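Chemist: I'll drop the sequence and a predicted model, then ask my questions.
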Amino acid sequence: MILDSSGAVREVVGQRWSNANRDRTFRLQPFGGTMGADRTFQGLTIPTEIAAGNHYGTADYLPFFQVRLINATYS
Amino acid sequence: MNRWAMFSLGTLAVAGSAAAICFRAYRNAMAEAEEAYAGLAGKPPPPPTERFDPAMIADLPNVAQCYFHHAIAPGTRSIRPRSSKWRAPSCSATKTGIRLLPCRRGKCFGRLTNLCGCPGCARAQCQLPVPMPWSMVRRGHDSGCSAWFRSRRTTHRLILSARRNFAQWSRAPCLCRRVCFRRTTSTGSSSMSTGLVSRSDASLRRSFLR
């Protein structure tokens, strides 16, 4: 995780077991993305603008998952 | 042994030593992280009545304290995620040459355009109810398409089919010409694709465009 000066998450990257690669073979490969904004729900502040995809940090990065979190509830 | 050979061997030795030092530092950092994770994973979950107190994280490194101070308001009780609502503000691929069709509740609407400013992105919105496990279908694989849509320059296809329809189309494979996205759930599978129409699929395309 990469945080900004206030402690907000701005980037996340990890290793994902996936075959979304040129060789179509399963292997660990970087998966991650960027977080653009935060909101607080029930006392917890979480990223609400997320773009993520396979091969984060490489030329093959494709942010196929782009969402805005509208609401979150906890129990 | 001449002077150049000795120089080369010396350079290799230095490079090898540097690589070994870096690898050892990496392994130490990974071992430390794994140990910390195992310690956290082994802890019992906090009681639901417990509330967050900054004193709980006073012994953590500064960067971790910074994160938790930002993420958890003091006094927040121990809670677990129950539900979340998401919206994809634009189509889910922005890399040049890859486009996804707009969809809502499993139905396609609108036409593909490139007016939103980001390369290769459709203008209309995609709404996704939950973060779905989309997987990429590479060029040459059966995309299982079930509908065709035309944009200004070319014809695109959209796959939003129940499993029974998917089986029907398996007899007439639609080979993805670019990159597709597909998800599979317990009730069926659906995919989004922008592959170009192949000639062998022309008759299928005509039947859908009627």
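Modeler: Nice, I can see it.

Chemist: So in terms of bridging, what pairs with the spatially most central residue of chain A?
Modeler: In chain A, the residue lying closest to the centroid (Cα atoms, centre = their mean) is residue A:33, at 3.7 Å. For residue A:33, the beta-bridge partners are residue A:12, residue A:52 (DSSP bridges).

Chemist: Quick check: it vs residue A:7, distance?
Modeler: 18 Å (Cβ to Cβ, to the nearest Å). C-beta here means a position set from N, CA and C on the backbone, and glycine is covered the same way.

Chemist: For the chain, which residues score under the pLDDT cut-off?
Modeler: Picked chain A for this. Under the criterion of pLDDT under 70, none of chain A is flagged as low confidence.

Chemist: hmm, I had chain B in mind actually
Modeler: B:1, B:45-46, B:81-210.

Chemist: Where does the record place the domain boundaries for it?
Modeler: B:48-78, B:103-209 (automatic domain parsing).

Chemist: Would the strand ranked longest in chain A count as contacting chain B?
Modeler: Ranked by residue count under DSSP state E, the longest strand found in chain A is strand A:62-74. Yes: Strand A:62-74 comes into contact with chain B (Cβ under 8 Å from any Cβ of the partner chain), by way of A:62-74.

Chemist: May I see the buried residues of that strand?
Modeler: A:62, A:63, A:64, A:65, A:66, A:67, A:68, A:69, A:72, A:74 (16 or more other Cβ atoms under 10 Å in any protein chain shown).

Chemist: can you list those in CSV and add distance to residue A:47?
Modeler: Conversion of the buried residues of strand A:62-74 to CSV gives the following (distance: Cβ to Cβ, whole Å):
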residue, distance to residue A:47
A:62, 19
A:63, 14
A:64, 17
A:65, 13
A:66, 12
A:67, 10
A:68, 10
A:69, 7
A:72, 11
A:74, 16
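
Chemist: Tell me who's in contact with the residue nearest to the centre of chain A.
Modeler: Counting by Cβ atoms under 8 Å, 6 or more residues apart in numbering or on different chains, residue A:33 touches A:11, A:12, A:13, A:50, A:51, A:52, A:53, A:56, A:63, A:65.

Chemist: if you set the cut-off to 10 Å instead, what comes out?
Modeler: A:11-13, A:47, A:50-54, A:56, A:61, A:63-66 (Cβ atoms under 10 Å, 6 or more residues apart in numbering or on different chains).

Chemist: which pair in these spans the largest distance?
Modeler: Farthest pair in the contacts of residue A:33 (Cβ to Cβ) is A:47 and A:54. Separation: 18.9 Å.

Chemist: When those two are compared, which one has more neighbours?
Modeler: residue A:54 (23 against 18; other Cβ atoms under 10 Å in any protein chain shown).

Chemist: how close does the more buried one sit to residue B:68?
Modeler: 29 Å.

Chemist: Endpoint to endpoint, stretch A:28-48 covers what distance?
Modeler: One end of stretch A:28-48 to the other measures 27 Å (Cα to Cα, to the nearest Å).
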